[in-house]
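Asks: Generate a structure from the sequence data that follows.
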Amino acid sequence: MGWLQLALVVDRKDAPFAESELENGGALAVTIDDAGDDPIAEPILEPPPSATPLWRRVRITALFDDDPQGVMLADAAGKALGPRCLAPPLITALEDRPWERVWLDEFRPARFGRRLWVCPQGQRPDPANTAGADTVILDLDPGLAFGTGHHPTTALCLRWLDGLRLDGQTVLDFGCGSGILAIAALKLGAGRAIAVDHDPQALEATVDNAAANGVADRLVIAPPERVPDIAADVVVANILAGPLIALAPTLTALSTPQAWLGLSGILMHQAEQVAAAYGGAFLLAPPETEDEWVLLTGRRLAGPAATSAARR
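Replies: Take a look at the predicted model:
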């Protein structure tokens, strides 16, 4: 089976919205690139390390299955985003090839926070960049699942986890994708982690990555309907704003009375609404942002004193 590629050119300020709409609209892969005069490039799952889209005009390409449903989804996405485009959306057919592996051509070791490095399996950072550092290395192969660390939402979460004291803590990663956040937490010292995702391919990638990093014995992997009855000391969810709002009661119920919370997959204009869904149970810090994406963090309110402090 072949693939359909939808190509869009938009103003940089519209890129996060378009990316979110394409992911919600059923795209199998989305990439952002400079909208120069070059022909449309072959897509990769995520922008490569250090390739932050700072250009005024950006090109977004999305892959869909080349079947009746894929045609419908690509056409609907093109029509929905057409008013924001600087050129007519273009849908083209691509020959069959393992697009999910093309990211390997650009994926390189990258550092997140003070200690944490995410590396393609078999690669290591330049020793000059790790000399004297308490380096933690996460070997990663995302397979078909989202999450190499180079998307702003994943990077924000990784840096946040690197800054926490995780020794012996229980971490819940809801919407785990490749398992990158749960595995990073374990390698940073967490005692155990629970990785949850509705996508079987994500759960499969998480199993493989956990084994490759030697943490499988401390990781529980489950679909949402089989989440164990736990109380997590750290809850992290890198999904999208709508599901995060809907999941607020669930994630709150799965957290300890003083749990840390990290939420991403949120566009700047959605942050206030997501914060409102969690503000009654968590004392939230000012949001962190990167390329129009937001990370919300906070700590669970416990007892009258904390509630009073939140009101102040």
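
Asks: remind me which residues of the stretch 101-250 of the chain are low pLDDT?
Replies: 101-107, 121, 128, 131-133, 142-150 (pLDDT under 70).

Asks: ranges for the helices of it?
Replies: Per DSSP state H, counting those that start in this stretch, the stretch 101-250 of the chain carries helices over the ranges 152-162, 180-187, 200-212, 241-246, 248-253.

Asks: Output the first one in PDB with nothing but the alpha carbons.
Replies: What it means is helix 152-162. Extracted C-alpha coordinates of helix 152-162, given in PDB (Å, rounded to 0.1, in the frame of the first residue of the first chain):
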ATOM      1  CA  PRO A 152       8.900  20.800  21.700                       C
ATOM      2  CA  THR A 153       6.300  19.100  23.900                       C
ATOM      3  CA  THR A 154       8.500  16.100  24.600                       C
ATOM      4  CA  ALA A 155      11.600  18.200  25.100                       C
ATOM      5  CA  LEU A 156       9.700  20.300  27.700                       C
ATOM      6  CA  CYS A 157       8.700  17.200  29.600                       C
ATOM      7  CA  LEU A 158      12.100  15.700  29.500                       C
ATOM      8  CA  ARG A 159      13.800  18.800  30.900                       C
ATOM      9  CA  TRP A 160      11.200  19.000  33.600                       C
ATOM     10  CA  LEU A 161      11.800  15.400  34.600                       C
ATOM     11  CA  ASP A 162      15.500  15.900  34.700                       C
END
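
Asks: Identify the residues contacting it?
Replies: For helix 152-162, contacts defined as CB atoms under 8 Å, 6 or more residues apart in numbering pick out 52, 112-116, 118, 146-149, 180-181, 184-185, 188, 234, 236, 238, 262, 264-266, 288, 290-291, 293-295, 297. In short, each C-beta sits where N, CA and C put it, glycine included.

Asks: Show the buried residues in those.
Replies: Among the contacts of helix 152-162, those buried by neighbour count (16 or more other CB atoms under 10 Å) are 112-113, 115-116, 118, 146-149, 180-181, 184-185, 188, 234, 236, 238, 262, 264-266, 291, 293-295, 297.

Asks: Break this structure down into its domains, please.
Replies: Segmentation of the chain into domains, based on automatic domain parsing, reads 3-102, 107-311.

Asks: now, of these, which is deepest in the fold?
Replies: Ranked by mean neighbour count, the domains of the chain are led by domain 107-311 with a mean of 19 (mean count of other CB atoms under 10 Å).

Asks: Could I get the helices of the stretch 101-250 of the chain in TSV, plus columns for distance to residue 284?
Replies: TSV is the format used below for those (distance: least, CB to CB, whole Å):
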stretch	distance to residue 284
helix 152-162	13
helix 180-187	19
helix 200-212	27
helix 241-246	13
helix 248-253	12
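
Asks: Tell me the bridge partners for residue 284.
Replies: Beta bridges link residue 284 to residue 298, judged by DSSP bridges.

Asks: Test for you: state the pLDDT assigned to it.
Replies: pLDDT for residue 284: 97.

Asks: Tell me where the longest strand sits in this protein.
Replies: When the chain is parsed with DSSP state E, its longest strand is strand 255-267.

Asks: got the contact list for the helix or strand following that strand?
Replies: As assigned by DSSP states H and E, the chain's next helix or strand after strand 255-267 is helix 271-278. Contacts with helix 271-278, where a contact means CB under 8 Å, 6+ apart, come from 241, 244-245, 248, 251-252, 261, 263, 266, 284, 287, 294, 296, 298.
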